[in-house]
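Visitor: Below is the sequence, then the predicted model.
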Amino acid sequence: MLDWQPTATLETLRARARLLGEVRAFFAERDVWEVETPVLGHGGSTDVQLASLKVTATTPEGPERLWLQTSPEFHMKRLLAAGSGAIFQLAKSFRDGEVGRRHNIEFTMLEWYRPGFSLNQLIEETAALIVRLLPQSPGPVSHYRYRDLFRKYLAVDPFSASAMVLGKLASKHAGTDMGGESRDTCLDLLMSLVIEPRLGQGELSVVVDYPASQAALARRHQDPEDGAWVASRFELYLEGLELANGYDELTDAEEQRTRFGEDNRERRALGLPEVDVDGRLLAALEHGLPEGAGVALGIDRVIQLALAKKSVAEVMAFATPRC
Amino acid sequence: MANYSTNEFKGGLKVMLDGDPCSIVENELVKPGKGQAFNRVKLRNLMTGRVGERTFKSGDSLEAADVMDLEMEYLYTDGDMWHFMKTDGSFEQYAVEKKALGDTAKWLKEQVPYTITLWDDKAISVTPPNFIELEVIETDPGLKGDTAQGGSKPATLSSGAVVRVPLFINQGEVLKIDTRSGDYVSRA
């Protein structure tokens, strides 16, 4: 018989509904209004590490290639540029190939934008929301700089260590040869295998000041320690699970255009499909995006932890393998 | 042989790693928030039986291992090699080395079907059926009337294995044994 039944129990799905209600109440109290934007767009995410799904649609223009969003970021930024003020959305997002205990190709992203907020104000708000959704306090909020975590757990400075040193460390922890891989690949591996499992144990761990090469759509600033460029973004972890990723948003259209171009050049070099750049997002940035911070939170994972489940599939009605 | 990419890795897939055939036990996607995806893979080395963990960049691939499991009946040993015959009616025979036979040596019985794992057409391991019926060739005399729970005693079986059996079991009886645990199950 085909496995037609839900991957979550009905009891879990009811608990999920209650938690989503809490999310809406949280933002209503703070005057952040809920928006709905399309999951389809003419432009997609060029991010080299994300695989977008594309569809062919018949529109008044004829057959057109449209992209399923990897997050609602582009459309929400266009609303911000149009003067929306603070907004949030619970948005279906799609990332091809990502299936596992912590991943599902189609998932729900809770994303919100706070014009006028500093990154620290947004970190505080993100932690407050997570605390509200959990059945008991996760402990205090601790902040760590990305490079300090590497110093503490791997005795290496991720910004100044040579590619060879990072390659050796990565190979040691992977058990496979990572010697020919890029610095970022080695750093990602060490972060995932060695550091992440130690984060968020008895506390909410916030990691800041990522390598500038991992800035995505965040601003960059200089580390006062030695002038190294770092990304103005944070990630938040609980029980070794990454829950949220926030940016001091890049508002410079030219810089954004350059980063999209660099992404697609790297995609060509890696033999990955190029992704149509979202021209309307760039036009909106040219018009002007208010200064502020925004964050994307994997609400499925928060619900998973709140309900003490082992995988995101257990809190989704029908996870990808059964959809 | 073909190659398998990390996104094709699933439990039971046979791949080559460091020159040895391995069976994939578990494959987990690991991905930092904004970064490279990896696959954390648990593999069983089919030569040693050991399970280890390796991490691969997503999209990397491993060569497929030409490994298959076949059902064969045990025939006899000539002292050096143990001979088995395919049960598919082909009468094709395979000779198995002591190393590949491993612990299964103590569960051998003629005409019983075993699972033989072949790598490049060479036997690398032999798995006995989960349950096997063997005769007791030596044990202390049974205690009359003691059919309930109570103590146990060692018994040597026709295959050479020594198992713990209830006190009421006698020499010459045929017993059902669980080969995975080596436990007595019942009288056959």
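Guide: The structure has been received and is ready for your questions. Nothing here was measured: the structure is a model prediction, and the numbers come from that model.

Visitor: Enumerate the residues of chain B near chain A.
Guide: B:7, B:28-38, B:40, B:52-58, B:60 (C-beta under 8 Å from any C-beta of the partner chain). Backbone N, C-alpha and C define where each C-beta goes, glycine included.

Visitor: ChimeraX command to pick out the buried ones of those?
Guide: To isolate the buried ones among the residues of chain B next to chain A in ChimeraX, judged by 16 or more other C-beta atoms under 10 Å in any protein chain shown, type:
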select /B:28,29,30,31,32,33,34,35,36,37,38,40,54,55,56,57,58
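
Visitor: ranges for the helices of chain A?
Guide: Using DSSP state H, the helices of chain A run over A:10-29, A:73-81, A:119-133, A:146-154, A:163-174, A:183-190, A:253-270, A:279-287, A:299-306.

Visitor: can these go into JSON lines with extra columns for distance to B:Asn3, mean pLDDT and mean neighbour count?
Guide: Shown next, in JSON lines, are the helices of chain A (distance: least, C-beta to C-beta, whole Å; pLDDT from 0 to 100; neighbours: other C-beta atoms under 10 Å in any protein chain shown):
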{"stretch": "helix A:10-29", "distance to B:Asn3": "39", "mean pLDDT": "98", "mean neighbour count": "14"}
{"stretch": "helix A:73-81", "distance to B:Asn3": "36", "mean pLDDT": "97", "mean neighbour count": "22"}
{"stretch": "helix A:119-133", "distance to B:Asn3": "42", "mean pLDDT": "98", "mean neighbour count": "18"}
{"stretch": "helix A:146-154", "distance to B:Asn3": "32", "mean pLDDT": "97", "mean neighbour count": "18"}
{"stretch": "helix A:163-174", "distance to B:Asn3": "19", "mean pLDDT": "96", "mean neighbour count": "18"}
{"stretch": "helix A:183-190", "distance to B:Asn3": "20", "mean pLDDT": "95", "mean neighbour count": "23"}
{"stretch": "helix A:253-270", "distance to B:Asn3": "18", "mean pLDDT": "93", "mean neighbour count": "15"}
{"stretch": "helix A:279-287", "distance to B:Asn3": "39", "mean pLDDT": "96", "mean neighbour count": "16"}
{"stretch": "helix A:299-306", "distance to B:Asn3": "33", "mean pLDDT": "98", "mean neighbour count": "23"}
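
Visitor: Which pLDDT value goes with the most centrally placed residue in chain A?
Guide: By C-alpha atoms, centre = their mean, chain A has its centre lying nearest to A:Asn245, at 4.5 Å. For A:Asn245, the pLDDT comes out at 96.

Visitor: hang on, isn't it packed against A:Ala296?
Guide: Yes: counting by C-beta atoms under 8 Å, A:Asn245 touches A:Ala296, with 5.3 Å between them.

Visitor: Could you tell me which residues touch both of the two?
Guide: Counting by C-beta atoms under 8 Å, 6 or more residues apart in numbering or on different chains, A:Asn245 and A:Ala296 have no contacts in common.

Visitor: ok, now how distant is A:Arg132 from chain B?
Guide: Using C-beta to the nearest C-beta, to the nearest Å, A:Arg132 is found at 22 Å from chain B.

Visitor: ok, now which ones touch that residue?
Guide: A:Glu22, A:Phe26.

Visitor: How about B:Val112?
Guide: The neighbourhood of B:Val112, defined by C-beta under 8 Å, 6+ apart, consists of B:Glu73, B:Tyr74, B:Pro128, B:Pro129, B:Ile132.

Visitor: Of those residues, which belong to strands?
Guide: B:Glu73, B:Tyr74, B:Ile132 (DSSP state E).

Visitor: Which one of those is nearest to chain A?
Guide: B:Ile132 (33.4 Å; C-beta to the nearest C-beta).

Visitor: Do you know the pLDDT at the closest one?
Guide: On the pLDDT scale, B:Ile132 gets 96.

Visitor: Might one say that it is in contact with B:Ile177?
Guide: Yes: between B:Ile132 and B:Ile177 there is a contact under C-beta under 8 Å: 5.7 Å.

Visitor: Name the residue closest to the centre of chain B, please.
Guide: B:Thr127 (2.9 Å).

Visitor: contacting residues around the nearest residue to that one once chain neighbours are set aside?
Guide: Counting by C-beta to C-beta, 6 or more residues apart in numbering or on different chains, B:Thr127 lies nearest to B:Thr115, which is 4.2 Å off, once chain neighbours are set aside. Applying C-beta under 8 Å, 6+ apart to B:Thr115 gives the contacts B:Asp69, B:Leu70, B:Glu71, B:Val126, B:Thr127.

Visitor: What about the residues you listed, which one has the most neighbours?
Guide: The most crowded member of these, judged by other C-beta atoms under 10 Å in any protein chain shown, is B:Val126 (23 neighbours).

Visitor: Please name the bridge partners of that one.
Guide: B:Ile116 (DSSP bridges).

Visitor: so what's it up against?
Guide: B:Trp82, B:Phe84, B:Val96, B:Ala100, B:Leu101, B:Gly102, B:Thr104, B:Tyr114, B:Thr115, B:Ile116, B:Thr117.

Visitor: Just name the lowest-scoring one in the residues you listed, pLDDT-wise.
Guide: B:Gly102 (89).

Visitor: So that one belongs to a helix, correct?
Guide: Yes: note on B:Gly102: a helix contains this position according to DSSP: H, G, I helix; E, B strand; the rest coil.

Visitor: Quickly note the distance from the nearest residue to it once chain neighbours are set aside to chain A.
Guide: With C-beta to C-beta, 6+ apart as the criterion, B:Gly102 has its nearest non-adjacent residue at 6.7 Å, and that residue is B:Ser125. Counting by C-beta to the nearest C-beta, the gap from B:Ser125 to chain A is 23 Å.

Visitor: what does B:Thr87 give?
Guide: 31 Å.

Visitor: For that residue, give me its contacts.
Guide: With C-beta under 8 Å, 6+ apart, B:Thr87 has these contacts: B:Glu71, B:Met72, B:Glu73, B:Pro113.

Visitor: That one and B:Asn27: what is the separation?
Guide: To B:Asn27, B:Thr87 is 32 Å away according to C-beta to C-beta, to the nearest Å.

Visitor: Now do the buried residues in stretch A:302-321.
Guide: Buried-residue list, stretch A:302-321, by 16+ other C-beta under 10 Å: A:302-307, A:309, A:311-316, A:318-320.

Visitor: Spell out which parts of the stretch 51-200 of chain A neighbour chain B.
Guide: A:97-103, A:173-176, A:178, A:181, A:184-185, A:187-189, A:191-193, A:196.

Visitor: Give me the pLDDT value at B:Leu175.
Guide: 96.

Visitor: Just give me the neighbour total for it.
Guide: 20.

Visitor: Can you say which helix or strand has it in it?
Guide: Element membership of B:Leu175, judged by DSSP states H and E, is strand B:174-178.

Visitor: May I see the buried residues of that strand?
Guide: So, applying 16+ other C-beta under 10 Å, buried residues of strand B:174-178: B:Leu175, B:Ile177.

Visitor: any idea of the angle the very next helix or strand once past that strand forms with strand B:174-178?
Guide: Downstream of strand B:174-178, the first helix or strand assigned by DSSP H and E is strand B:183-187. Here the directions of strand B:183-187 and strand B:174-178 differ by 140 degrees (axes from the mean of the first three to the mean of the last three C-alpha atoms, to 10 degrees).

Visitor: What pairs with strand B:183-187, parallel or antiparallel?
Guide: strand B:174-178 (antiparallel).

Visitor: Run through who's touching the partner strand.
Guide: B:107, B:130-136, B:155, B:157, B:161, B:163, B:165, B:169, B:183-188.

Visitor: How many residues are close by the residue in the stretch 1-150 of chain A positioned nearest to chain B?
Guide: Chain B sits closest to A:Gly100 of the stretch 1-150 of chain A, with a gap of 3.6 Å, by C-beta to the nearest C-beta. Applying other C-beta under 10 Å, we find 18 other residues in the vicinity of A:Gly100.
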